[in-house]
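[1] What follows is a predicted structure for the sequence shown.
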Amino acid sequence: MVLVVGVAASAAVAAEKAGSIPTPRALLEELIDLNTTHAYGSTGAAKLLQERFLAAGFAPQDVSLEIPEDHPSKGNLVVRLHGRGQGRPVLFLGHLDVVEARPEDWSFDPFKLTEDGGWLYGRGVIDMKGQDVAMAVSLMRLKQEGYTPARDLIVAFTADEEAGGDANGVDWLLRTHRALVDAGLVVNPDGGEAGVKSGRKLYVAVQTSEKTFVSFGLEATDKGGHSSRPTADNPIYRLSAALERLATYRFPVDLTATTREYFARRATLEQGQLRSDMAAVGAGTADPAAIERLSAVVETNIMLRTTCTATMIDGGHAENALPQRARATIQCRVIPSESPESIEAALRKVVADPLVAISTITPAKPNPESVLTPAIVKAVEDTTHETWPDVIVLPEMSAGADDSRYSRSVGIPSYGIDAMFDDLDDGRAHGRDERIGVVAFQQDVDFTYRLMKRLAGAAGP
Ligand SMILES: [Zn+2]
């Protein structure tokens, strides 16, 4: 408790010294203390940031608080630093909402920033209020330094990225305030990743894409009857046989520009057989044995291909009746360039039974891969190597989803980039005792400042 009070006091003093810009630590403390879970919403946090940006010298017309009329608690803040008009703006995205946290599960109050043993604890420190702070103070610093980028630099702090939301800020802003957030390039730290393993900093990722998901239903039906008179047309058997064929099926290897580069670069972090297998995939020279070895490991298998797996099953209606119906849900995680129609066609072939009907339960939403341009890779490499010369930049396709799906679906190239180094074996985002290293946080603030300057400082399309 003493520690928390001490942090607040020193942060306030530091804020005063820096003039009208809060220290990263002080701003993080303010944001963590505001509960922005689904029930509370993000308007309070958006208003707090609005005040800080105005105090930092931004003109009111460049600090737009945008609140959907039908969702007053789901406010967003969009801040613009004007450039010289040499290309479309660079837009940084940061969600303000956090996942629920139950204080009784935590070692500290999740809605109070607490420092302990070199760590900062609090809900959202790594997903993603820490990054929100990094973007906010970097933009304020650029403003205070009188910096004019080549093109406009925009940061949107948005609502409702996490599950359970009903007013996603990025989606809403793109649909209703397109001019305010229109850009030629999006950076979304939420989709980024900076990996540490056994204390060694390994990579800063550039996420260009996400697998899309689509769910199908498989259904077998029959007229049924009394269980004392079994028939060969039992839908449970029919469905089981189809599922068994699916269980052993592997979609063909389908590498994208991103995953090919991922394997080539990832190889340099590995040893022995794994290293040569990954390098071979990256070079396009992998033999079936190498593919087999990589397919046997979940993490590499999902990078190689589309996957479909059974997630739910139900059937029958009485213990003494032949089933009239058996049904399974199949969820597929699809390589971005593949169409849902091609996945359905593949399923039909694997099921190989016209009496097992296939239907779409949840259709896929288009989410194209953003082109991994040499310019974006170089910008991230230069920014990374200024601090960590040995850390590689790793292109990534992620299996999960974030707000970049909205910007990608309207045609804005979007990249997940973040240098808040976190232990790959101890990920606590969404979990209990979410934390970030004191130094890692400070370094991410510094990285974000330099990345913003580098990207907005260069003319663009
Ligand atoms: Zn997040």
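    Here it is on my side, so go on.

[2] I'd like to know how many residues surround the nearest residue to residue 87 once chain neighbours are set aside.
    The shortest distance from residue 87 to any non-neighbouring residue, by Cβ to Cβ, 6 or more residues apart in numbering, is to residue 460 (3.3 Å). C-beta here means a position set from N, CA and C on the backbone, and glycine is covered the same way. Neighbour count of residue 460, defined by other Cβ atoms under 10 Å: 17.

[3] how about the longest helix seen in the chain: buried residues?
    For the chain, the helix with the greatest residue count under DSSP state H is helix 438-457. By neighbour count on 16 or more other Cβ atoms under 10 Å, the buried set for helix 438-457 is 440-441, 443-457.

[4] That one - what's its average pLDDT?
    Across helix 438-457, the average pLDDT comes to 98.

[5] Output the contacting helices and strands for that helix.
    helix 24-33, strand 90-95, strand 119-121, helix 129-144, strand 185-187, helix 374-385 (3 or more Cβ pairs under 8 Å, 6 or more residues apart in numbering; DSSP states H and E).

[6] Can you give the contact residues for the next helix or strand after the fifth one?
    Next helix or strand after strand 185-187 toward the C-terminus (DSSP states H and E): strand 194-197. Taking Cβ atoms under 8 Å, 6 or more residues apart in numbering as the criterion, the residues outside strand 194-197 that touch it are 201-205, 391, 418-425, 444.

[7] any idea which of those residues is the one closest to residue 101?
    residue 422 (17.6 Å; Cβ to Cβ).

[8] can you pull the contacts of the most centrally placed residue in the chain?
    The centre of the chain sits closest to residue 191, judged by Cα atoms, centre = their mean, with a distance of 3.3 Å. Residues near residue 191 by Cβ under 8 Å, 6+ apart: 207, 210, 398, 402, 404, 414-418.

[9] Need the per-residue pLDDT for the closest residue in space to it that isn't next to it in sequence.
    Excluding its sequence neighbours, the residue lying closest to residue 191 (Cβ to Cβ, 6+ apart) is residue 416, at 2.3 Å. pLDDT, residue 416: 98.

[10] coming back round to it: for the ion, state which of the contacts of strand 194-197 is nearest.
    Closest approach to the ion among the contacts of strand 194-197 (Cβ to the ion): residue 418, at 10.1 Å.

[11] and that closest one, what does it touch?
    Here residue 418 is in contact with 131, 189-194, 204-205, 444 (Cβ under 8 Å, 6+ apart).

[12] how close does the residue lying closest to it once chain neighbours are set aside get to residue 256?
    Spatially, and ignoring its direct neighbours in sequence, residue 418 is nearest to residue 192 (3.0 Å; Cβ to Cβ, 6+ apart). To residue 256, residue 192 is 18 Å away according to Cβ to Cβ, to the nearest Å.

[13] For the two, indicate the residue with more neighbours.
    residue 192 (24 against 19).

[14] On the pLDDT front, check the residue in the stretch 151-300 of the chain positioned nearest to the ion for me.
    Proximity of the stretch 151-300 of the chain to the ion (Cβ to the ion) peaks at residue 190, 4.1 Å away. For residue 190, the model assigns a pLDDT of 97.

[15] Can you get me a residue count around it?
    Residue 190: 21 neighbours (other Cβ under 10 Å).

[16] ok so, going back, nearest to the ion, of the helices and strands packed on helix 438-457?
    Closest among those, using Cβ to the ion: strand 90-95, at 5.7 Å.

[17] the helices in the stretch 1-150 of the chain, which residues?
    Remark: helices assigned in the stretch 1-150 of the chain by DSSP state H, counting those that start in this stretch are 2-17, 24-33, 43-55, 129-144.

[18] Also compute the angle for the second one relative to helix 129-144, please.
    Going back to what we said before, that points to helix 24-33. 130 degrees (axes from the mean of the first three to the mean of the last three Cα atoms, to 10 degrees).
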